[in-house]
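> Mind folding the following:
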Amino acid sequence: MMRRQCLFYILFIGFCQGFFSAPSRFVGYTTFHMASSSSTTKGISSYLPADTYNSLPKGDGEVIFLHTMIRSMDLKKTMGFFEAIGLQETRRKESENGRFTLVFMASSPGAPEIEITYNWDPEVFAEPSRSMGHLAYAVDDIYGLCASLQDKGVTILRPPRDGRMAFIKSPDGISVELLQKGTPLEPIEP
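Sure thing, here's the model as predicted:
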């Protein structure tokens, strides 16, 4: 068994070294994005340049996920909710003529984003339909994050008793799933 684990480890390291150092369309692309970022903190999910789609290569036939747009009735509350999860503002656009603000947030610069659309004129939203399921984020310590969120007034809809998964809801009614990175933590009794 130990021999098989060592062989897997050697093959995995060899693959990673080849993937990140051999000439391929992914390597130059990854290097470009890392060099073009205005921030020095890049996460494992970061694969986009700071300007997202504007400098992506054309003609490779690849479809790349960029962001999901959600609407907000209270921009400050919505941003506070996603900051509490661990997202940060990556860019913003204000439109005087259109009377709206777009705020993009991600786990790190270059990671897929949520686009929060805030219309300056008040509006009332219908309840989210079942066609929008949820957003999901992997976190380092699901118990610690849920405790921190609860201290900030966020309702935990499904506590992470199993050490693996929790559900919370944004101020705008968007369901958010939190998943423990790696193996689940030890289960905790309610």
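
> Could you use CA atoms for every contact and neighbour count after this?
OK.

> V154 against F167, yeah?
No. At 10.7 Å, V154 does not count as touching F167 under the criterion of Cα atoms under 8 Å.

> Give me the below-cutoff pLDDT ranges for this structure.
Scanning the chain for pLDDT under 70 picks out the ranges 1-42, 50-52, 190.

> What segments of it are helices?
Secondary structure of the chain (DSSP state H): helices located at 2-21, 25-36, 75-85, 142-151.

> who's in contact with the spatially closest residue to V124 that is not a sequence neighbour?
In space, and not counting its chain neighbours, V124 is closest to M73: 7.6 Å by Cα to Cα, 6 or more residues apart in numbering. Contacts for M73 were tallied using Cα atoms under 8 Å, 6 or more residues apart in numbering; they are 118-119, 122-124, 172.

> repeat for E189
R161.

> Likewise for N97?
Per Cα under 8 Å, 6+ apart, neighbours of N97: none.

> Pull out the buried positions in stretch 96-109.
Neighbour counts using 16 or more other Cα atoms under 10 Å place 101-109 of stretch 96-109 among the buried residues.

> Now it - C-alpha only, CSV.
Once non-C-alpha atoms are left out, stretch 96-109 reads as follows in CSV (Å, rounded to 0.1, in the frame of the first residue of the first chain):
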residue,chain,number,x,y,z
GLU,A,96,-25.1,57.7,-13.7
ASN,A,97,-27.1,57.4,-16.9
GLY,A,98,-28.3,53.8,-16.1
ARG,A,99,-28.7,54.6,-12.4
PHE,A,100,-27.0,51.4,-11.2
THR,A,101,-23.8,50.1,-9.6
LEU,A,102,-22.1,46.8,-10.5
VAL,A,103,-19.8,45.4,-7.8
PHE,A,104,-17.7,42.3,-8.7
MET,A,105,-16.5,40.1,-5.8
ALA,A,106,-14.4,36.9,-5.8
SER,A,107,-12.4,34.8,-3.4
SER,A,108,-9.2,36.2,-4.9
PRO,A,109,-8.3,38.3,-8.0
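
> quick check, distance from it to the centre of its chain.
15 Å (Cα atoms, centre = their mean, to the nearest Å).

> re the thing from before, relative to N119, how far out is the residue nearest to V124?
Applying Cα to Cα, to the nearest Å, the value for M73 to N119 is 8 Å.

> Now for the residue lying closest to Y53 once chain neighbours are set aside, how many residues are close by?
Computed as Cα to Cα, 6+ apart, the closest residue to Y53 that is not its neighbour in sequence is L66, at 7.6 Å. By other Cα atoms under 10 Å, 15 other residues sit near L66.
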